[in-house]
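Enquirer: Mind folding the following:
(one chain, ligands or ions: 1)
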Amino acid sequence: MIIAIDGPAGSGKSTVARMLAERLGFRYLDTGAMYRALTWKAMQENINLTDENALCRLMEQTSIEFQRKDENLLVFVDGVNITEEIRLPSVTNNVHYISDTPGVRHRMVKLQQKLASEGNTVAEGRDMGTVVFPQAEKKFFLDADIAERARRRYGEFKLPEKKFSYDDIIKDMEIRDRRDTTRNNSPLIKSSDAIYINTTKLTSEDVVNLILKEIRCVMKK
Ligand code: DC
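Expert: The predicted structure is shown next:
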């Protein structure tokens, strides 16, 4: 069974997907982390982030794996744990080059489908319900007001990153939203059969419970 969760940055989908996977005993597939992982490696190797051929070659030569540790999901590139590195602002600022490269997306989608074929999965990203798992048993689109999404993102920042103001985060989020929704390749859109949940006034626990209610109906069938 595949549960697809899509939505913009800060909509709460990562926390919700992780909690949901834990409750159901499903795997958790964080596809944003995969684009971040390849971005990190391309930056390490000084690859031109606009060179599609070089990025596709890199993707072919790179192993991206996940490992569950307690409630965290560890990300490994070629066997090296880079869970923290992929959240650095430098990676966040450059990941759009990688996620907007058609050849990379094509390979990434295949890898995501392979990983999900290994067992029941909660898959989270931007194109789960539309492109990667159109056959998913249940699809959700999480959203929230931009002010609330920015507030959540600001709360996640560690001390050195607090040099960014709340207004900086809002501006950054507007740019990311525009990039995600207007890019040519697999833009962020709600799949017509996805259930829309506005999480602005909800806790992660509320959202997980709402989703579980919907899923139980499918499981009973
Ligand atoms: O969810 P996130 O912030 O970790 O995602 C990192 C970037 O990857 C984000 O800019 C959007 C992109 N992404 C994507 O294009 N497709 C996905 N399925 C997941 C993420």
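
Enquirer: can we go C-alpha only for contacts and neighbour counts from here?
Expert: Noted.

Enquirer: need the residues of the protein near the ligand, please.
Expert: 9, 31-33, 35-36, 95-96, 99, 125-127 (Cα under 6 Å from any ligand atom).

Enquirer: okay, the residues you listed in CSV with secondary structure, pLDDT and neighbour count next?
Expert: Formatted as CSV, the residues of the chain next to the ligand follow (DSSP: H, G, I helix; E, B strand; the rest coil; pLDDT from 0 to 100; neighbours: other Cα atoms under 10 Å):
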residue, secondary structure, pLDDT, neighbour count
9, coil, 90, 24
31, helix, 97, 19
32, helix, 97, 16
33, helix, 97, 22
35, helix, 98, 23
36, helix, 98, 26
95, helix, 96, 21
96, helix, 94, 18
99, helix, 95, 23
125, strand, 97, 23
126, coil, 96, 25
127, coil, 96, 24
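
Enquirer: Could you list the low-pLDDT ranges of the protein?
Expert: Along the chain, the parts satisfying pLDDT under 70 run over 157-162, 218-221.

Enquirer: can you pull out the strands in it?
Expert: 2-6, 27-30, 64-69, 72-77, 80-81, 121-125, 138-143, 195-198 (DSSP state E).

Enquirer: With respect to residue 167, which of the ones you listed lies nearest?
Expert: The minimum distance between residue 167 and the strands of the chain falls on strand 138-143, with 19.7 Å, by Cα to Cα.

Enquirer: which parts of the closest one are buried?
Expert: For strand 138-143, the neighbour count (16 or more other Cα atoms under 10 Å) marks 138-143 as buried.

Enquirer: before we move on, back to that, tell me the one among the residues of the chain next to the ligand nearest to residue 149.
Expert: Nearest member of the residues of the chain next to the ligand to residue 149, counting by Cα to Cα, is residue 9, at 7.2 Å.

Enquirer: one step back: distance to residue 87 added to the residues of the chain next to the ligand, as JSON lines?
Expert: Compiled in JSON lines, these are given as follows (distance: Cα to Cα, whole Å):
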{"residue": "9", "distance to residue 87": "13"}
{"residue": "31", "distance to residue 87": "13"}
{"residue": "32", "distance to residue 87": "10"}
{"residue": "33", "distance to residue 87": "9"}
{"residue": "35", "distance to residue 87": "11"}
{"residue": "36", "distance to residue 87": "8"}
{"residue": "95", "distance to residue 87": "10"}
{"residue": "96", "distance to residue 87": "14"}
{"residue": "99", "distance to residue 87": "15"}
{"residue": "125", "distance to residue 87": "15"}
{"residue": "126", "distance to residue 87": "17"}
{"residue": "127", "distance to residue 87": "20"}
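
Enquirer: Quick check: the farthest pair among the buried residues of strand 138-143?
Expert: The largest separation in these, counting by Cα to Cα, is between 138 and 143 at 16.7 Å.
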